[in-house]
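Visitor: need coordinates for the below:
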Amino acid sequence: MRIRRLFGRETCWLGFWLLAAALSVLAYNTWSVCCGACSYQDLITPGPAGWILLAANLVAGLVLVILVRVNHVKFLEESCRCGQRLQKRWSFCPRCGKETR
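Guide: I've put the predicted structure just below:
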């Protein structure tokens with residue numbers, strides 16, 4: 001599944017915010033190591049809050065993928081091959097005239 005289909009037209013902004021978040025974490029970690037607030041070992045092993053955030057993000061991502069796939073399947077069931085949305089009781093597509101069932 002392509003990311004554009006998964007997130008729509010705003011994929012560019014998603015990449016921008018992910019990059020901005022990664023750069024801010026990198027800048028903060030560099031500052032903490034240089035000032036002696038933490039060691040390199042602390043940066044490699046996440047604490048309990050880090051594991052909770054990681055697990056929550058993985059669960060949220062899984063839920064997002066499941067919801068998008070379910071809605072995509074539902075959309076395919078309610079549409080013709082030409083892309084026209086169909087009512088439940090329609091036997092023919094109003095755009096191309098093909099039989100729906």
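
Visitor: next, count neighbours for G50.
Guide: Look at G50: counted by other Cβ atoms under 10 Å, it has 10 neighbours. All C-beta spots, glycine's among them, are computed from the backbone N, C-alpha and C.

Visitor: does anything pack onto the one helix or strand L62 maps to? Which helices or strands?
Guide: If you go by DSSP states H and E, L62 is part of helix 48-77. Helix 48-77 sits against helix 3-7, with contacts defined as 3 or more Cβ pairs under 8 Å, 6 or more residues apart in numbering; DSSP states H and E.

Visitor: so for the next helix or strand after the helix it packs on, mean pLDDT?
Guide: Once the chain leaves helix 3-7, the next helix or strand it forms, by DSSP H and E, is helix 11-35. Helix 11-35 carries an average pLDDT of 83.

Visitor: list the buried ones in helix 11-35?
Guide: Judged by neighbour count (16 or more other Cβ atoms under 10 Å), helix 11-35 contains no buried residues.
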